[in-house]
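> Next come a sequence and a model predicted from it.
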Amino acid sequence: MIPLSINCVGRLLVILARGIKVLDYDLHCHSTYSDGTLTPAELVARAAERGVKTMALTDHDELDGLAEAYATAVQHGMNFINGVEISVSWHKYTLHIVGLKIDPSYPPLVAGLRQVRSGRGARAQKMADELAKVGIRGVLEGAYRFTTNPNMIGRTHFARHLVESGQCKDVKSVFNRYLAQGKPGYVPHQWATLSDAIDWIKGSGGIAVLAHPGRYMVGRKSMGSKTMRELLAEFVSCGGQALEVVTGSHTPAQYAEFARYAGEFGLSCSCGSDFHGPNESYRDMGRLPDMPTGCRPVWADWELPPLAELKAA
Ligand SMILES: [Zn+2]
Ligand SMILES: [Zn+2]
């Protein structure tokens, strides 16, 4: 067996004596248990339809969709990875740490996420108050109508309400005008610490991945290379293991940039669409481009049935 190239969603293209086998990975997406628009079952069915063979559900600070997603993945003959995306406050940035292969019953993880979620209701009220000051009134109720799980109310639900009520043309423009850091409806919030989030993930047997590193900004200013290196050094020293190199919101130049950072800091590389729903996401599931050559995939030593099958071949 000669591995010719390793690419992502992740496609691990391996030439075997009997032909070419392609394995597709999507290790970052959201269901109605956080701010996605599809139920876990609908999401998994969509991924299966679009050729994903191994997927992780990574709802924000929430684990309750995993059982339904797993049951559906089994029906579709897919590998399912238990995941989560934890909100972290790091200096003036809000970061997202994806946990892959976590144990959703690990008590410190369950308790930690409960604590992280508990601030969302109060933050939503403050966001509504701030938006009212710039003339956008009565949005709280509208935003709650877009939640399936009211405990998980977040900016995306406000955005969907503002689009539906005709006040903005799409979710992205709501974020740009009102909800991004520095905009009138942005309310700072204290999420988990970086070391706690990584401890919860690793303590449960999981792998900590720094999600979409190209997206961390304060206002319009993106994180420069000096701060990125400080973050990555701290991430590694806390036990972080992987960097999300290919994600829906990165440009091709950023795939190369973060593949270089991964090499520099000895991190594995992950990939995922960060799909939230049809017509609302940068990328659909099963539609990610290749990971740059030289990346060590985060799944390289996972013992998943199709990989085992390949190894045996
Ligand atoms: Zn995220
Ligand atoms: Zn996400």
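All right, it came through fine. Ligands and ions are numbered 1, 2, ... in the order given.

> May I have the residues that are in contact with Ala41?
Shown in contact with Ala41 (C-beta atoms under 8 Å, 6 or more residues apart in numbering): Glu68, Ala69, Ala71, Thr72. Just so you know, the C-beta spots here come from the backbone N, C-alpha and C atoms, and that holds for glycine as well.

> and these as TSV, adding distance to ligand 2?
Formatted as TSV, the contacts of Ala41 follow (distance: C-beta to the ion, whole Å):
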residue	distance to ligand 2
Glu68	18
Ala69	15
Ala71	22
Thr72	19
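
> what about the nearest residue to Asn79 once chain neighbours are set aside, distance to ligand 2?
Nearest residue to Asn79 in three dimensions, chain neighbours excluded: Thr54, at 4.0 Å (C-beta to C-beta, 6 or more residues apart in numbering). Distance, Thr54 to ligand 2, by C-beta to the ion, to the nearest Å: 17 Å.

> So what's the residue count around Thr54?
By the criterion of other C-beta atoms under 10 Å, Thr54 has 24 neighbours.

> about what we covered before: which two in the contacts of Ala41 are spaced the farthest apart?
Ala69 and Ala71 (7.4 Å; C-beta to C-beta).

> For those two, indicate the residue with more neighbours.
Neighbour totals were compared for Ala69 and Ala71, and Ala69 leads with 28 against 13 (other C-beta under 10 Å).

> Hmm, His30 and that one touching each other?
No - counting by C-beta atoms under 8 Å, Ala69 stays clear of His30, with 11.0 Å between them.

> Next, Phe258: secondary structure please.
helix (DSSP: H, G, I helix; E, B strand; the rest coil).

> Tell me who's in contact with it.
By C-beta under 8 Å, 6+ apart, Phe258 lies in contact with Pro213, Gly214, Leu243, Glu244, Val245, His250, Cys269.

> how near is it to Ser268?
Note on Phe258: its distance to Ser268, by C-beta to C-beta, to the nearest Å, is 12 Å.

> Would you map out the domains in this protein?
Here the domain parsing of the chain from automatic domain parsing is 2-119+189-312, 120-188.

> TSV for the ones you listed, including mean pLDDT?
Below are those laid out as TSV (pLDDT from 0 to 100):
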stretch	mean pLDDT
domain 2-119+189-312	88
domain 120-188	93
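
> Most tightly packed of those domains?
Looking across the domains of the chain with neighbours counted as mean count of other C-beta atoms under 10 Å, the highest average goes to domain 2-119+189-312: a mean of 19.

> ok now that domain, how far from the chain's centre?
Domain 2-119+189-312 has its C-alpha centroid displaced from the chain centroid by 6 Å (C-alpha atoms, centre = their mean, to the nearest Å).

> That one and ligand 1, are they touching?
Yes - interface with ligand 1: domain 2-119+189-312 contributes His96, Ala211 (C-beta under 5 Å from the ion).

> Under a three-state scheme, what state does Arg160 occupy?
Under three-state DSSP, Arg160 comes out as helix.

> What of Val110?
Strictly by three-state DSSP, Val110 counts as helix.

> give me every residue that touches Tyr282.
By C-beta under 8 Å, 6+ apart, the neighbours of Tyr282 are Gly248, Ser249, Ser273, Asp274.

> I'd like the distance between it and Phe275.
Distance from Tyr282 to Phe275, by C-beta to C-beta: 9 Å.

> where do the contact lists of the two overlap?
Common neighbours of Tyr282 and Phe275 (criterion: C-beta under 8 Å, 6+ apart): Gly248.

> For the chain, give the residue positioned nearest to ligand 1.
Relative to ligand 1, the nearest point of the chain is His96 (3.5 Å; C-beta to the ion).

> Next, the contact list for the residue nearest to that residue when sequence neighbours are not counted, please.
Counting by C-beta to C-beta, 6+ apart, Ala211 is the residue found nearest to His96 once chain neighbours are left out, at 4.0 Å. For Ala211, the contacting residues are His28, Glu85, Leu95, His96, Ile97, Val98, Glu244, Thr247, Asp274, by C-beta under 8 Å, 6+ apart.

> The same query, at a cut-off of 6 Å, please.
The contact partners of Ala211, taken as C-beta atoms under 6 Å, 6 or more residues apart in numbering, are His96, Val98, Glu244.

> Mind checking which of those residues are in strands?
Applying DSSP state E to the contacts of Ala211, the entries found in strands are His96, Val98, Glu244.
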